[in-house]
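> fold the following, please.
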Amino acid sequence: MGHFTEEDKATITSLWGKVNVEDAGGETLGRLLVVYPWTQRFFDSFGNLSSASAIMGNPKVKAHGKKVLTSLGDAIKHLDDLKGTFAQLSELHCDKLHVDP
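You can find the predicted model right below:
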């Protein structure tokens, strides 16, 4: 992975500051599940994912989307060590959850 300049870091941090994690997280994960329905297999415990409206209104989708974007926000605080920042999360997704890379 390349290195970020100080200007890059400032730009990324500034842009991230404009993101509403709660709203954007649920919307983003919801869209992923609608546009790429095969990804729903990773979220069996989320309940009803039978239609776009069910997905977009699902509180578990919204909560997990927020969690994902919160994690991304944490990574933005550690741009010099992204690999280390996501090491445990990567292992969880690969070894326990068996999510394709």
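
> where does the chain have low pLDDT?
Across the chain, the ranges flagged by pLDDT under 70 are 1-2, 101.

> can you tell me the centre-most residue of it?
Val68 (3.2 Å; Cα atoms, centre = their mean).

> by contact count, what packs against the helix or strand containing that one?
In the assignment (DSSP states H and E), Val68 maps to helix 59-76. Applying 3 or more Cβ pairs under 8 Å, 6 or more residues apart in numbering; DSSP states H and E, one finds that helix 59-76 contacts helix 6-16, helix 21-35, helix 82-85. Bear in mind the C-beta positions are built from the backbone N, C-alpha and C, glycine included.

> now do 10 Å
Other elements packing on helix 59-76 under the criterion 3 or more Cβ pairs under 10 Å, 6 or more residues apart in numbering; DSSP states H and E are helix 6-16, helix 21-35, helix 52-56, helix 82-85, helix 87-91.

> and Thr5, backbone torsions?
Main-chain dihedrals, Thr5, degrees, to the nearest 10: phi -80, psi 170.

> swap in Ser50?
Dihedral angles (degrees, to the nearest 10) for Ser50: phi -80, psi -20.

> and Lys18, by the same measure?
Here is the backbone geometry of Lys18 (degrees, to the nearest 10): phi -90, psi -10.
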